[in-house]
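> pasting the structure only:
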């Protein structure tokens with residue numbers, strides 16, 4: 001699980017963005033200003049720092065310089081300052097990307113994953129007991145044997161992995177996978193694919209321990 005330090009002094013943004021990032025499978029620690037951010041960097045290792053330029057305590061440019069001097073963490077600036085000076089200054093200080101507020105959450109996640117891959121900080125192998133998922137190779141194995149997942153099965157597994165421990169409604173799952181490979185996915189089809197995925201992942205598909213049913217709500221990936 002990739003660790004993100006969110007440096008932002010707007011409490012509403014911190015609460016909303018933290019919840020969204022955790023739902024996407026990231027570990028999130030927050031800091032409202034420069035001093036707290038530097039203390040967090042001294043106490044833990046992070047894969048990426050999401051950093052606002054304007055902070056009530058200090059500024060994002062100083063934090064970025066410290067991040068690049070002390071750590072190997074990637075940096076993405078988040079700021080309402082979309083002017084050329086702010087962008088160039090941030091990139092000159094070593095920032096890996098820059099995204100202006102307001103931003104679309106899905107675009108932010110895409111940019112985060114792109115930066116993590118580019119900087120070598122992305123977690124490419126994920127283990128769930130005897131199941132191993134290699135996201136670089138888009139392959140999944142169980143006890144060393146290839147599971148031969150279809151495109152939709154693999155996408156469905158990725159959705160669960162990105163929301164590990166979170167209960168997902170059927171509507172949310174359909175929203176995530178409906179257009180994979182150009183296939184139409186309806187509610188009945190989703191039931192079939194969850195059944196197929198369980199048959200490949202679970203030791204006993206009749207008593208699933210990984211993909212659990214939350215009655216009346218949806219499904220949750222354990223482990």
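Happy to help now that I have it. Quantities reported herein were computed from a predicted structural model and do not represent experimental measurements. Numbering: from 1, shown residues only.
> Break the chain down into its domains, please.
3-118, 125-221 (automatic domain parsing).
> which stretch in these is the model least sure about?
Note on the domains of the chain: domain 125-221 shows the lowest mean pLDDT, a mean of 87.
> okay, the domains of the chain in a markdown table with mean neighbour count next?
Bear in mind the C-beta positions are built from the backbone N, C-alpha and C, glycine included. As requested, those are exported to a markdown table (neighbours: other CB atoms under 10 Å):
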| stretch | mean neighbour count |
| --- | --- |
| domain 3-118 | 17 |
| domain 125-221 | 15 |
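> all helices of this protein, in order?
Per DSSP state H, the chain carries helices over the ranges 11-23, 34-43, 60-70, 84-92, 105-118, 151-162, 170-177, 187-201.
> As a markdown table, these with distance to residue 50 would be great.
Output for these, formatted as a markdown table (distance: least, CB to CB, whole Å):
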| stretch | distance to residue 50 |
| --- | --- |
| helix 11-23 | 8 |
| helix 34-43 | 11 |
| helix 60-70 | 10 |
| helix 84-92 | 12 |
| helix 105-118 | 8 |
| helix 151-162 | 17 |
| helix 170-177 | 23 |
| helix 187-201 | 32 |
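> nearest to residue 54, of the ones you listed?
helix 60-70 (7.1 Å; CB to CB).
> circling back to that earlier point, of all the helices of the chain, which lies closest to residue 144?
helix 187-201 (14.1 Å).
> and the closest one, what does it pack onto?
helix 151-162, helix 170-177, strand 211-214 (3 or more CB pairs under 8 Å, 6 or more residues apart in numbering; DSSP states H and E).
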